[in-house]
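Chemist: How does the following fold in three dimensions:
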Amino acid sequence: MQAMQKFLIVTADDFGLHEAVNEAVEQASRAGILTAASLMVGAPAAADAIRRARELPRLRVGLHLVLADGRAMLAPELIPDLADQSGRMNSRMFVNGVRFFASAAVRRQLEAEIRAQFSAFARTGLALDHVNVHKHFHLHPTLLQMLLRIGREYGVSAVRVPDEPLWFAARGGRWIPWMGAALLAPWNALMKRRLRAAGMPHNDSVFGIAASGAMDEKTLLAILARLPPGITEIYLHPATVSGSAIAASMSGYRHADELAALLSPRVRAAAAAAGISHGGYVDALPAREAARE
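Modeler: Alright, predicted model coming up:
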């Protein structure tokens, strides 16, 4: 058995949220290091994102399931415990997580919404590279179980695990992000065990949680300098404009800086010099299988 070489997936989340996000994805796919994007099928600019994706054959596209802080696919009257009358799902993830455990009625609505989003992605005709969940809500065991069961019906071949190295969270002496990453460690371990038991491939590590909205050139260069072996996913939120222009909950996000980082000649040179293989999950998984032989 060979050691798994370094494989890098660079993903833009929130594809479809805003046309400025979609434009950034197109630019970074054509001229930068972006290799994948995660599509919000119910978002306001989803149709524009799908049109662009069809014209970007090298871009791998996955499903960014939205089950908090975003727009639902189903009509509000069908999921009254998940969405308000405008069709928006709230961001009270702890409270909602308890309800997922406690209420069979809420679980039925959750399952229906997950299925609706998978179905909407299937109707795009795009190849499904991966699935992840907005705000990493699939760390919740009930939600992960539903994602795996329903996702298999739609050909899911990989799931993101939000397992970020502790050194990244703690860089610059930032102990609060480090503590958050440490608290997530048992949940990530549980997720990996469940994915392995289900035969579902996943990444080994991820970068983007502790610096969400601030993945600038300096940060990407630091990650590339210490990229671990195996499959690593770096996810960003690029756009041609920043902050609340994209979403009210992103007022502090430096979307344009993240786009600049993806287009940076220094970042491209660092990735090339390291000799790192790159692509989407569909490209990474054959490399992992070859290493096991």
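Chemist: and Ile9, backbone torsions?
Modeler: With angles defined as degrees, to the nearest 10, Ile9 sits at phi -110, psi 120.
Chemist: Revised request: answer the last question for Ser205.
Modeler: The main-chain torsion angles of Ser205 are listed as degrees, to the nearest 10 and equal phi -150, psi 170.
Chemist: Go ahead and confirm it touches Leu166.
Modeler: No - with contacts counted by Cβ atoms under 8 Å, Ser205 stays clear of Leu166, the gap being 10.7 Å. Any C-beta I mention is one placed from the backbone N, CA and C, and that applies to glycine too.
Chemist: Same drill for the two, tell me which one is more crowded.
Modeler: Residue environment comparison for Ser205 versus Leu166 gives the larger neighbour count to Ser205, 19 against 14, counting by other Cβ atoms under 10 Å.
Chemist: Find the residue ranges of the protein scoring beneath the pLDDT cut-off.
Modeler: Per-residue confidence for the chain (pLDDT under 70) gives these ranges: 1-4, 172-178, 287-293.
Chemist: in it, which spans are strands?
Modeler: In chain order, the chain shows strands spanning 6-15, 36-39, 60-65, 70-71, 88-89, 128-133, 205-207, 230-236, 277-278, with DSSP state E as the criterion.
Chemist: how about these in a markdown table, adding distance to Val95?
Modeler: As requested, the strands of the chain are arranged in a markdown table below (distance: least, Cβ to Cβ, whole Å):
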| stretch | distance to Val95 |
| --- | --- |
| strand 6-15 | 23 |
| strand 36-39 | 25 |
| strand 60-65 | 19 |
| strand 70-71 | 16 |
| strand 88-89 | 12 |
| strand 128-133 | 17 |
| strand 205-207 | 26 |
| strand 230-236 | 26 |
| strand 277-278 | 39 |
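Chemist: Packing partners of the longest helix along the chain?
Modeler: Selection of the longest helix in the chain by residue count, based on DSSP state H, yields helix 175-197. Here helix 175-197 touches helix 141-153, helix 166-170, going by 3 or more Cβ pairs under 8 Å, 6 or more residues apart in numbering; DSSP states H and E.
Chemist: how about TSV for those, with distance to Gly42 added?
Modeler: Compiled in TSV, the helices and strands packed on helix 175-197 are given as follows (distance: least, Cβ to Cβ, whole Å):
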stretch	distance to Gly42
helix 141-153	16
helix 166-170	31
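Chemist: Relative to Leu147, how far out is Leu78?
Modeler: Distance of Leu78 to Leu147, computed by Cβ to Cβ, to the nearest Å: 19 Å.
Chemist: Between the two, which has more neighbouring residues?
Modeler: The neighbour count for Leu78 versus Leu147, taken as other Cβ under 10 Å, is higher for Leu147 (24 against 14).
Chemist: got the contact list for that one?
Modeler: Under the criterion of Cβ atoms under 8 Å, 6 or more residues apart in numbering, the contact partners of Leu147 comprise Leu65, Ile114, Val131, Val133, His138, Val156, Val159.
Chemist: any idea which residue sits dead centre in this protein?
Modeler: Compute the mean C-alpha point of the chain, and by Cα atoms, centre = their mean the closest residue is Asn132, 4.8 Å away.
Chemist: Tell me how far the spatially closest residue to it that is not a sequence neighbour lies from Leu147.
Modeler: For Asn132, the nearest residue in space outside its immediate sequence neighbours is Arg160; the separation is 3.8 Å by Cβ to Cβ, 6 or more residues apart in numbering. Distance, Arg160 to Leu147, by Cβ to Cβ: 11 Å.
Chemist: same thing with Ala211?
Modeler: Noted for Ala211: a distance of 25 Å to Leu147, by Cβ to Cβ.
Chemist: what do you get for His64?
Modeler: Using Cβ to Cβ, one obtains 12 Å as the distance from His64 to Leu147.
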